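Asker: Using only what follows, build the 3D model:
(chains A and B)
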2 protein chains.
Amino acid sequence: MREIQAAELPDIATGAALLGTGGGGDPYLGRLLVRREYLRGRTVSLLDVGELPDDALVIPAAGMGAPTVRVEKLPNGDEASTAFRMLERHLGRRADATMPVECGGSNSMVPLLVGAQLGLPVVDADGMGRAFPELQMQTFGVYGISGSPLAFSGSHGERGVLDTGTDNVRLERLARGVTVRLGGTVSIAQFAMSAADVRRTAIPGTLSLALRIGRCLRESRERYRDPFAALTELFKETAYAYATPVFSGRIVDVERRTTGGFARGTATIESFVDNSVLELAFQNEHLVARVDGRIRVIVPDLITVLNAETAEPITTEALRYGLRVTVFAIAAPPIMRTPEALAVFGPRAFGIDADFTGVEELA
Amino acid sequence: MREIQAAELPDIATGAALLGTGGGGDPYLGRLLVRREYLRGRTVSLLDVGELPDDALVIPAAGMGAPTVRVEKLPNGDEASTAFRMLERHLGRRADATMPVECGGSNSMVPLLVGAQLGLPVVDADGMGRAFPELQMQTFGVYGISGSPLAFSGSHGERGVLDTGTDNVRLERLARGVTVRLGGTVSIAQFAMSAADVRRTAIPGTLSLALRIGRCLRESRERYRDPFAALTELFKETAYAYATPVFSGRIVDVERRTTGGFARGTATIESFVDNSVLELAFQNEHLVARVDGRIRVIVPDLITVLNAETAEPITTEALRYGLRVTVFAIAAPPIMRTPEALAVFGPRAFGIDADFTGVEELA
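Answerer: Down below sits the predicted model:
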């Protein structure tokens, strides 16, 4: 267990934005909320999943809603802790720790906020190893943990508990309906589980990975080193193993719409060096990158869009005409590439008529 | 306390349909579900509100959704008890009795079903004295009882608890969103309160009133008596006091739509005796009846549409071209005509730009 330093928060936010694969919401606002807790003298500690006894209770915390709404509708700052306490009350038991549902995007910050406010450590692991648009798209659920009961809290004091038994897809639909009705964004606590189940079903080390990514990009910039080469090296030492730039060019078209509680759309990028074109499709997160019509990277492998010079991550809502970008791909860890996992968050789960092939094979 | 006889269920259903003022859903299906419990050897008892000690816990039970959906989407029969148990669990306390939220329409049957299934008596009172389309339109809320927490249960095992503090209008919006997402109809338990609060805020005797109305109509038919005159006599002995036929004629036009979880529309009726026309506007329930453009009856006074010969109540979804009907008006009890009550379910709460005037004054 080690305390997260306030000075590390910007690096975690940068790394989480990269792991957000374009979605998950900008962590900037969440980082400010955590920083406010630090200014009040509160801190938060990061815990290795092995440091908890088997029967310790862990409750992941997150935000739910379209990122395009989450950057515009300001939270009060206590919604996440309200949802967390609501689930504890419903379960009749206090939690020993919290953790991210999703290490990518703004959901990296929500457990840090809850941890600081409630004095709980944060487990260094998550259920996505990136960001995904829907609740059921998590390794917890893939490996048998129910998302029910789910506690939610809105920004006008609305709160509640939802339960759909073992059906996590039905839970997603119900919770999405509540989210839309409460203005497009809510805080949630769900997937309450034992530390033993966290060890079995979570992707370990993803919050500290976000910190390392952010530090790597900052130090590359400070030392005038190639950030893309540094990232490739960094991922070699992780469960992700393979990471590579796949395309560099200029954005020439962006089409987007916010429907059914999601930010959906496509972006088109023209190569700097030849006539080739990369087309990117997203549903909150980037789902598939096709170069001249052929799939080059596909979900659940991570597709990130980075500033071509600084390697700063660019979220889908910030994509715009004229931006010079590098599309950088990262292989998903093995736990996210099993047949069970691909059934829940592989290409066909997003309506894409293609089988999954790893980015290292498509190269 | 007295046991409701299986043979009385049809009369209660008829009376509830009349008190439903065109809405609340047809009680027929609910009556069959209660009858099934009786065939299994279960019974249910009706309790005067004075028979419970002050601190006894009463939890009202109801269904929520557009009547047009509720008559088509068949329930499993255990949703209401599931929601009831969920609220008990959330409160950490078992209820001593249940009661109707709404004595009009199908919601008259829901507490009988819960009472039979869970072995609880049913308090002979409700919060509407009729039917209303929205959750906050109840005397409980008018006189200070919060609708939160509300427990709900859907027909595919979905369930949950919603809480918006003291804001019952916000609760309506949130619960309506859940209802729409779960297919247009759910069972709910809410307004948990002490027997002392029931005595202070509820309209007493409304379930037994439904039984008396149903019996009155049946006996009038059997004995070839004028059912309308019999109804007028019956209501004289109740808190409603005034009831009268206001118009008889043939339906010449019906316009309806199901939007936002409600059945909305208008019906036009041409007089049998002269050229006058009655226009009826409804949102689940009949809201206002205008004769030749002048208001003749307006919410919260009760506007019922009855078969012109038999006085059988006709629900809004059964209104159709050519039907011969009598519009029968009933004054709302004094507890529903206070300024606080009219602020919640008076004409302006339905977007009607008119002050309330009692039907006995408009005559």
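
Asker: Please count neighbours and contacts with C-alpha atoms only from this point.
Answerer: OK.

Asker: buried ones in the lengthiest helix in chain A?
Answerer: Using DSSP state H, we find that the single longest helix of chain A is helix A:206-222. Neighbour-count burial for helix A:206-222, counted by 16 or more other C-alpha atoms under 10 Å in any protein chain shown, picks out A:206-218, A:220-221.

Asker: Skip the chain neighbours and tell me the closest residue to residue A:149.
Answerer: Leaving out its chain neighbours, the residue that sits closest to residue A:149 by C-alpha to C-alpha, 6 or more residues apart in numbering or on different chains is residue A:163, at 4.7 Å.

Asker: Give me the neighbour count for the one you found.
Answerer: 23 (other C-alpha atoms under 10 Å in any protein chain shown).

Asker: Please apply the same query to residue A:79.
Answerer: The tally of other residues near residue A:79 (other C-alpha under 10 Å) stands at 23.

Asker: follow-up on the earlier one: do I have it right that the residue nearest to residue A:149 meets residue A:150?
Answerer: Yes: using C-alpha atoms under 8 Å, residue A:163 is in contact with residue A:150, at 6.4 Å.

Asker: List the pairing partners of the longest strand along chain A within its sheet, with orientation.
Answerer: Secondary structure of chain A per DSSP state E: the longest strand is strand A:243-259. Taking DSSP bridges as the criterion, strand A:243-259 forms sheet pairs with strand A:262-271 (antiparallel), strand A:324-330 (antiparallel).

Asker: What is the distance between it and the centre of its chain?
Answerer: Relative to its parent chain, strand A:243-259 has a centroid offset of 18 Å by C-alpha atoms, centre = their mean, to the nearest Å.

Asker: Next, the buried residues of that strand.
Answerer: Quick answer for strand A:243-259 (16+ other C-alpha under 10 Å): A:243-251, A:254, A:256.

Asker: next one: stretch A:315-331
Answerer: If you call a residue buried by 16+ other C-alpha under 10 Å, then stretch A:315-331 has these buried ones: A:315-317, A:319-320, A:323-331.

Asker: Quick one: name whatever helix or strand follows the helix or strand bottoming out on mean pLDDT in chain A.
Answerer: Least confident helix or strand, chain A: helix A:67-70 with a mean of 63, by mean pLDDT, DSSP states H and E. Next helix or strand after helix A:67-70 toward the C-terminus (DSSP states H and E): helix A:79-91.

Asker: what angle separates that following helix from helix B:79-91?
Answerer: 100 degrees (axes from the mean of the first three to the mean of the last three C-alpha atoms, to 10 degrees).

Asker: Show me what the very next helix or strand once past helix A:79-91 packs onto, helices and strands only.
Answerer: Sequence order places strand A:97-100 as the next helix or strand after helix A:79-91, per DSSP H and E. Contact partners of strand A:97-100 among helices and strands, from 3 or more C-alpha pairs under 8 Å, 6 or more residues apart in numbering or on different chains; DSSP states H and E: strand A:57-65, helix A:110-118, strand A:122-123, strand A:125-126.

Asker: Please repeat the previous calculation with a cut-off of 6 Å.
Answerer: Other helices and strands packing on strand A:97-100, by 3 or more C-alpha pairs under 6 Å, 6 or more residues apart in numbering or on different chains; DSSP states H and E, are strand A:57-65, strand A:122-123.

Asker: from the chain's centre, how far out does the longest one sit?
Answerer: Going back to what we said before, that points to strand A:57-65. With C-alpha atoms, centre = their mean as the basis, strand A:57-65 stands 12 Å off its chain's centre.

Asker: Also stretch A:147-161?
Answerer: Stretch A:147-161 sits 20 Å away from the centroid of its parent chain (C-alpha atoms, centre = their mean).

Asker: Residues touching that stretch, excluding its own?
Answerer: The contact list for stretch A:147-161 (C-alpha atoms under 6 Å, 6 or more residues apart in numbering or on different chains) reads A:79, A:83, A:87, A:162-163, A:168, A:186-191, B:160-164.

Asker: can you check stretch A:264-272 too?
Answerer: A:248-257, A:277-283.

Asker: Nearest to chain B among the buried residues of strand A:243-259?
Answerer: Distance ranking of these against chain B, using C-alpha to the nearest C-alpha, places residue A:256 first at 24.9 Å.

Asker: residue contacts, that closest one?
Answerer: Residue A:256 neighbours (C-alpha under 6 Å, 6+ apart): A:264-265.

Asker: try 10 Å this time
Answerer: Neighbour list for residue A:256: A:263-267, A:281-283, A:316-317, A:319 [criterion: C-alpha atoms under 10 Å, 6 or more residues apart in numbering or on different chains].

Asker: now do residue A:10
Answerer: Neighbour list for residue A:10: A:16, A:27-28, A:31-32, A:35, A:211, A:214-215, A:218 [criterion: C-alpha under 10 Å, 6+ apart].

Asker: Would you mind measuring the gap between the ends of stretch A:353-363?
Answerer: Start to finish, the residues bounding stretch A:353-363 are 20 Å apart (C-alpha to C-alpha, to the nearest Å).

Asker: what's that stretch in contact with?
Answerer: Contact partners of stretch A:353-363, identified using C-alpha under 10 Å, 6+ apart, comprise A:242-244, A:246, A:294-303, A:329-332, A:337, A:339, A:342, A:346-348.

Asker: What's the separation between residue A:56 and residue B:308?
Answerer: 69 Å.

Asker: Between those two, point out the one with more neighbours.
Answerer: Higher neighbour count among residue A:56 and residue B:308: residue B:308, with 20 against 16, using other C-alpha under 10 Å.

Asker: What separation do you get for that one and residue A:344?
Answerer: Counting by C-alpha to C-alpha, the gap from residue B:308 to residue A:344 is 59 Å.

Asker: One more: residue A:122?
Answerer: Where residue A:344 is concerned, residue A:122 sits at a distance of 26 Å (C-alpha to C-alpha).

Asker: These two: which is more packed in?
Answerer: Taking neighbours as other C-alpha under 10 Å, residue A:122 and residue A:344 compare with residue A:122 leading, 30 against 21.

Asker: So what pairs up with the more buried one in the strands?
Answerer: When assigned by DSSP bridges, residue A:122 has beta-bridge partners residue A:46, residue A:98.

Asker: How about the residues of the stretch 101-250 of chain A by chain B?
Answerer: Within the stretch 101-250 of chain A, the positions near chain B by C-alpha under 10 Å from any C-alpha of the partner chain are A:148-154, A:156-167, A:170-171, A:173-182.

Asker: Out of those, list just those in helices.
Answerer: In helices, defined here by DSSP H, the members of these are A:170-171, A:173-181.

Asker: which stretches of chain A have low pLDDT?
Answerer: Within chain A, the segments meeting pLDDT under 70 span A:67-73, A:261.

Asker: Would you mind splitting it into its domains for me?
Answerer: According to automatic domain parsing, chain A comprises the domains A:2-206, A:228-362.

Asker: tell me the contacts of whatever residue of the stretch 201-350 of chain A ends up closest to chain B?
Answerer: Residue nearest to chain B within the stretch 201-350 of chain A (C-alpha to the nearest C-alpha): residue A:260, separated by 11.8 Å. Contacts for residue A:260 (C-alpha under 10 Å, 6+ apart) come out as A:65-66, A:176-177, A:180, A:184.

Asker: Disregarding residues adjacent in the polypeptide, which is nearest to the closest residue to chain B within the stretch 1-150 of chain A?
Answerer: Using C-alpha to the nearest C-alpha, the closest approach of the stretch 1-150 of chain A to chain B is made by residue A:90 at 6.8 Å. Closest residue in space to residue A:90, ignoring its immediate chain neighbours: residue B:90 at 6.8 Å, by C-alpha to C-alpha, 6+ apart.
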